[in-house]
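**Student:** Please work out how this folds:
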Amino acid sequence: MVLRLRLRTASNVPLEVEGITPDRLRDKQLAEIERLEMFQGNRKVSLADFFEVSGDPSDEVVHWEGDLSGVHWIGAKMASGSLRVLGNAGRHVGSEMTGGEILVEGDVGDWLGGEMHGGRIRVRGRAGHLVGAAYRGSARGMTRGEILVDGDAGNEIGHTMRRGMIAVGGQAGDLVGFNMLAGTVLVLGDCGIRHGAGMRRGTLAFLGKTPPPMLPSFRYACCYRPTVMSLLLRHLRELGFPLPEDLVSASFRLYNGDLIEGGRGEILLRV
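**Tutor:** As a prediction, the model looks like this:
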């Protein structure tokens, strides 16, 4: 069965639903779920004040329905189960989640998968800034898991990322992999500037036909066809992620950097 949470009352003030996740709802009765606390701005309210609750939570499958662009923290700290958003969603979708799967059928705001520690997030539309990033002042961003964005994404994707994979099917903004510790980020479209600034390890792969400008602190190494890229692309294709047919056979120019941080990171530019 599916637990359905349908937005029935619009709010001009942001709604925050942190902690209302499939794993925490599975043993609750519908009346208990309706009484769960959430925030409207700085005011505590009940879930039933804004959402119609129906279905059965025992299978850890939750569907959020309606225009949820003003609803934040959907799936935050989720540990298991399946969560689906039938429309747009706000900021912090899947932040600090440790397991399970989230599917968003529309667009999402900033901080998608912020400091994520496991699981998988798939967004059919666009994402905002700071995908998989560390919150300001934190030592690490995303440490495990996968984030797949079919459309465009904003600035600072993978900021201080430690492990895991982020794939963006459209365009990206500036500073991809800023201060990156490790992990993998792939961008299939065009993107901005200053990528890999401060990165220590990890891989940034820019797969679009127009390569972005490189920082002077990166050094050209060679042109080759990395085996690991074929494995990553095959994995993405198995997940249904849209990929150009000619990408699997493409060659790449390898750059090492950031030399200011030891030069152990790598950027791959499609030839």
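**Student:** got the domain boundaries for this structure?
**Tutor:** 1-89, 110-271 (automatic domain parsing).
**Student:** Run a quick check on Lys115 versus Ser95, I expect a contact.
**Tutor:** Just so we're on the same page, residue 115 is Glu rather than Lys. Yes. Assessed by CB atoms under 8 Å, Glu115 is found in contact with Ser95 at 6.3 Å. Any C-beta I mention is one placed from the backbone N, CA and C, and that applies to glycine too.
**Student:** quick one: which of those two has more around it?
**Tutor:** More crowded of Glu115 and Ser95, by other CB atoms under 10 Å: Ser95, with 25 against 22.
**Student:** mind listing what the more buried one touches?
**Tutor:** Taking CB atoms under 8 Å, 6 or more residues apart in numbering, we find Ser95 in contact with Trp73, Gly75, Ala76, Lys77, Trp111, Gly113, Gly114, Glu115, Met116.
**Student:** And the fifth one, how far from Pro14?
**Tutor:** It refers to Trp111. Distance, Trp111 to Pro14, using CB to CB, to the nearest Å: 13 Å.
**Student:** More neighbours: which of the two?
**Tutor:** Trp111 (24 against 15).
**Student:** and the domains of the chain as TSV, adding mean pLDDT and distance to Val104?
**Tutor:** Output for the domains of the chain, formatted as TSV (pLDDT from 0 to 100; distance: least, CB to CB, whole Å):
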stretch	mean pLDDT	distance to Val104
domain 1-89	97	4
domain 110-271	96	5
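**Student:** Please work out which of these is packed deepest.
**Tutor:** domain 110-271 (a mean of 20; mean count of other CB atoms under 10 Å).
**Student:** Can you measure across that one, start residue to end residue?
**Tutor:** Using CA to CA, to the nearest Å, the end-to-end distance of domain 110-271 comes to 31 Å.
**Student:** Could I get the full set of helices for the stretch 51-200 of the chain?
**Tutor:** Counting by DSSP state H, counting those that start in this stretch, one finds no helices in the stretch 51-200 of the chain.
**Student:** any chance you could map the strands in it?
**Tutor:** Along the stretch 51-200 of the chain, the segments classed as strands by DSSP state E, counting those that start in this stretch run 51-55, 61-65, 71-72, 82-86, 101-104, 117-123, 144-149, 165-168, 184-187.
**Student:** Is it possible to get CSV of those strands that adds distance to Asp258?
**Tutor:** Shown next, in CSV, are the strands of the stretch 51-200 of the chain (distance: least, CB to CB, whole Å):
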stretch, distance to Asp258
strand 51-55, 46
strand 61-65, 39
strand 71-72, 33
strand 82-86, 36
strand 101-104, 32
strand 117-123, 25
strand 144-149, 23
strand 165-168, 18
strand 184-187, 14
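**Student:** Just confirm Ala221 is within a helix.
**Tutor:** No. Looking at Ala221 with DSSP: H, G, I helix; E, B strand; the rest coil, it is strand, so not inside a helix.
**Student:** my read: it touches Tyr255, true?
**Tutor:** Yes. Contact criterion CB under 8 Å: Ala221 and Tyr255 qualify, at 6.5 Å.
**Student:** List the residues that are in contact with both of those two.
**Tutor:** With CB under 8 Å, 6+ apart as the test, Ala221 and Tyr255 both reach Glu266.
**Student:** For Leu86, name its beta-bridge partners.
**Tutor:** Taking DSSP bridges, one obtains Glu65 as the residues bridged to Leu86.
**Student:** Can you classify the residue with the largest distance to the centre of the chain by secondary structure?
**Tutor:** Here the chain reaches farthest from its C-alpha mean at Ala31, the gap being 32.2 Å by CA atoms, centre = their mean. Under three-state DSSP, Ala31 falls in the helix class.
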